[in-house]
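Novice: just the structure for this:
(one chain, ligands or ions: 1)
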Amino acid sequence: MPRPIQATIHIQSLRHNLAQARLRAPDAKVWAVVKANAYGHGIEHVFDGLRGADGFALLDFAEAKRVRDLGWRGPILMLEGAFELRDLELCSRLDLWHTVHSEAQIDMLAAHKTNVPQRVFLKMNSGMNRLGFAPSQMRAAWTRLNALPQVDEISLMTHFSDADGPRGVATQMALFAQATDDLPGERSLANSAATLRHPDSVAASDWVRPGIAIYGSAPDYPEHDAAHWGLQPTMTLAAKIIAVQALSTGATVGYGSNFVADAPMRIGVVACGYADGYPRICPSGTPVLVNGVRTRTVGRVSMDMLTVDLGPVPDADVGSEVTLWGRATNGAWLTIDEVAALAGTVGYELMCALAARVPVVVA
Ligand SMILES: *Cc1c(COP(=O)(O)O)cnc(C)c1O
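Specialist: Now for the predicted structure:
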C-alpha cells in the first residue's frame, strides 16, 4: 500500500479564484502567474483550472515549454526576461513575450537574429530595487528598444514592494506614471495584493498579474484571510493516522520530549513530516483537522511523521483523515496561511515546498 499521504489540487477553486481576480479587474487582462511550477501545485495540474486566463506568466524557460506543450497558444510572459542570448531563440521558437529590465538584455536583443519581431515588457524599478530601469532611464531604454528591428510592441511594467501593507502603492504608482506618461503601450502593475487592495493600481493596468490569490491564499494575512477576499484553497495536503498512543499524565511526545501531557490523552501519529513539506518549525498547538474537526499538533514534527491531539475527536483512529491544510472531506477548511503564520512564513513558501515524494491528484 502506498504511504497514506496525498495532495489534492482543486480545479474548481482555481477557476473560482481566477473569476474573483477578474471581478476585481473587469477591464484588465489577467496573467495567471504560474512560476515555481504553479506555486508548487504543478503546471500540468493547474492548467485546466487556469486556461480561462488571458495569458500565463512565469520565468523558467523549461516551464514555458511545458505550458506550450499543454497546447496553450495564447500569450506567455517571461517575468525576468532572457538570461542569455540563447533564451531569445526560445522566445522566437515558442512565441514568448519577455521582460526587459536591463541594458544587457537590450544588447542581447540587438544581437538576436530573427525575422519575427518580439513583444517586450519594459520594466521600471519604482522602488522595489530588484529588477528594472530607474525612472530617469526609462525613456532612453524605450527609445533604444523602439529602434530595434527585433522588437515589436513595447509594454510597460513595474512591481510593488508594499501592496500588502501599510506603505501601499501610491509612491511607486506616482513614480511610474511620471516616468512613463508620454510613452505609448500597455501597462502592467498589479500583483495579487494590489489587485485586491488597490483598485487605483488596477485601473492603471491593462494587465494584472495575480499569483498567490489564484492559489487561494490571502496576500495580506493576517490582516485579511482568504474568506474575506472570497478565495478558496486550491491545495489540500492530507494524510492518515497510522498509529494511536494513549499517554498518561507526564508522558512526553517525540524528539526532545518538548510536549508533556498534563492529563491522560490520546494522540494520533500522522503519515506526514518535514520531508513532505510540512514545516518542522511548527510548534505544538499548530491547528490541524482530524476527520474535519479542528485540533492541534503536539510535540516536534519529525521527518516522516507528526503527532496530533485526539481529544476533540474521540472517534478518530488508525485510518482517520488528517488535513494539514486545505479542505477536509466534511467540507471544513484550514487555510495554508494559518499554518504558515505559525511557521513564521507565508502561504507561498509552504505551497512551493510541497515535496516531490507527495503524490498529487487533481479533483
Ligand atoms: C510573482 C510575481 C507576481 C505575482 O505575485 P503574487 O504576490 O503571487 O500575486 C507578479 N509579478 C511579478 C513580476 C512576479 O514576480
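Novice: now find how far off-centre stretch 195-210 is within its chain.
Specialist: Chain-centre distance of stretch 195-210: 17 Å, with Cα atoms, centre = their mean, to the nearest Å.
Novice: so which residues make contact with that stretch?
Specialist: Stretch 195-210 has contacts (Cβ atoms under 8 Å, 6 or more residues apart in numbering) with 21, 24-25, 27-33, 54-55, 57, 155, 160, 163-164, 168-170, 173, 176-177, 186-192, 194, 213, 219-220, 229. Every residue, glycine included, has its C-beta placed from N, CA and C.
Novice: count the neighbours of the closest residue to the ligand within the stretch 101-250 of the chain for me.
Specialist: Among the residues of the stretch 101-250 of the chain, Gly211 lies nearest to the ligand; the distance is 2.5 Å by Cβ to the nearest ligand atom. For Gly211, the tally of surrounding residues (other Cβ atoms under 10 Å) stands at 24.
Novice: now the closest residue to it other than its chain neighbours: phi and psi?
Specialist: Once flanking residues are discounted, Gly211 sits nearest to Val33: 3.4 Å by Cβ to Cβ, 6 or more residues apart in numbering. Note on Val33: backbone dihedrals following degrees, to the nearest 10 are phi -80, psi 120.
Novice: contacts only, for Val33.
Specialist: Val33 makes contacts with 39, 56-58, 79, 191, 209-211, 214, as judged by Cβ under 8 Å, 6+ apart.
Novice: what about these, which are in helices?
Specialist: In this view, the contacts of Val33 that belong to helices under DSSP state H are Tyr39.
Novice: want to throw the contacts of Val33 into a markdown table with pLDDT?
Specialist: As requested, the contacts of Val33 are exported to a markdown table (pLDDT from 0 to 100):
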| residue | pLDDT |
| --- | --- |
| Tyr39 | 98 |
| Phe56 | 99 |
| Ala57 | 98 |
| Leu58 | 98 |
| Leu79 | 98 |
| Asn191 | 98 |
| Arg209 | 98 |
| Pro210 | 98 |
| Gly211 | 98 |
| Ile214 | 98 |
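Novice: got the residues of the stretch 1-150 of the chain near the ligand?
Specialist: 33, 35, 79 (Cβ under 6 Å from any ligand atom).
Novice: the nearest residue in space to the last one that is not next to it in sequence and Ile76, how far apart?
Specialist: Sequence neighbours aside, Leu59 is the residue nearest to Leu79 in space, at 4.5 Å (criterion: Cβ to Cβ, 6+ apart). Using Cβ to Cβ, to the nearest Å, one gets 11 Å for the distance from Leu59 to Ile76.
Novice: mind checking which of those two has more residues around it?
Specialist: When Leu59 and Ile76 are compared for neighbours, Ile76 comes out ahead with 23 against 18, by other Cβ under 10 Å.
Novice: list the contacts for that one?
Specialist: Here Ile76 is in contact with 55-58, 64, 67-68, 94-97 (Cβ under 8 Å, 6+ apart).
Novice: let's see 7 Å
Specialist: Contacts for Ile76 were tallied using Cβ atoms under 7 Å, 6 or more residues apart in numbering; they are 55-56, 64, 67, 96-97.
Novice: want to throw these into CSV with neighbour count and distance to Ala239?
Specialist: Converted to CSV, these look like this (neighbours: other Cβ atoms under 10 Å; distance: Cβ to Cβ, whole Å):
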residue, neighbour count, distance to Ala239
Gly55, 18, 36
Phe56, 26, 31
Ala64, 26, 33
Val67, 21, 31
Leu96, 24, 38
Trp97, 20, 41
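Novice: now the residues you listed as CSV including distance to Thr234?
Specialist: Formatted as CSV, these follow (distance: Cβ to Cβ, whole Å):
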residue, distance to Thr234
Gly55, 19
Phe56, 16
Ala64, 21
Val67, 18
Leu96, 25
Trp97, 25
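Novice: and the residue nearest to Leu79, what pLDDT?
Specialist: Per-residue confidence (pLDDT) for Leu59: 98.
Novice: re earlier: the residue nearest to Gly211 pairs with what?
Specialist: On the basis of DSSP bridges, Val33 is bridged to Ala57.
Novice: separation between it and Gly256?
Specialist: Distance of Val33 to Gly256, given as Cβ to Cβ: 39 Å.
Novice: equivalent analysis for Leu145, please.
Specialist: For Leu145 relative to Gly256 (Cβ to Cβ), the value is 58 Å.
Novice: if we go by neighbour counts, what in stretch 107-122 is buried?
Specialist: 108-109, 112, 118-122 (16 or more other Cβ atoms under 10 Å).
Novice: any idea which of the contacts of Val33 has the most stuff around it?
Specialist: Counting neighbours by other Cβ under 10 Å, the top entry in those is Ile214, with 30 neighbours.
Novice: got the contact list for that one?
Specialist: With Cβ under 7 Å, 6+ apart, Ile214 has these contacts: 14, 17-18, 21, 32, 50.
Novice: could you pull out the helices for the stretch 201-350 of the chain?
Specialist: For the stretch 201-350 of the chain, the helices defined by DSSP state H, counting those that start in this stretch occupy 336-342, 347-352.
Novice: CSV please, covering these and showing mean pLDDT and distance to the ligand.
Specialist: Converted to CSV, the helices of the stretch 201-350 of the chain look like this (pLDDT from 0 to 100; distance: least, Cβ to the nearest ligand atom, whole Å):
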stretch, mean pLDDT, distance to the ligand
helix 336-342, 98, 13
helix 347-352, 98, 7
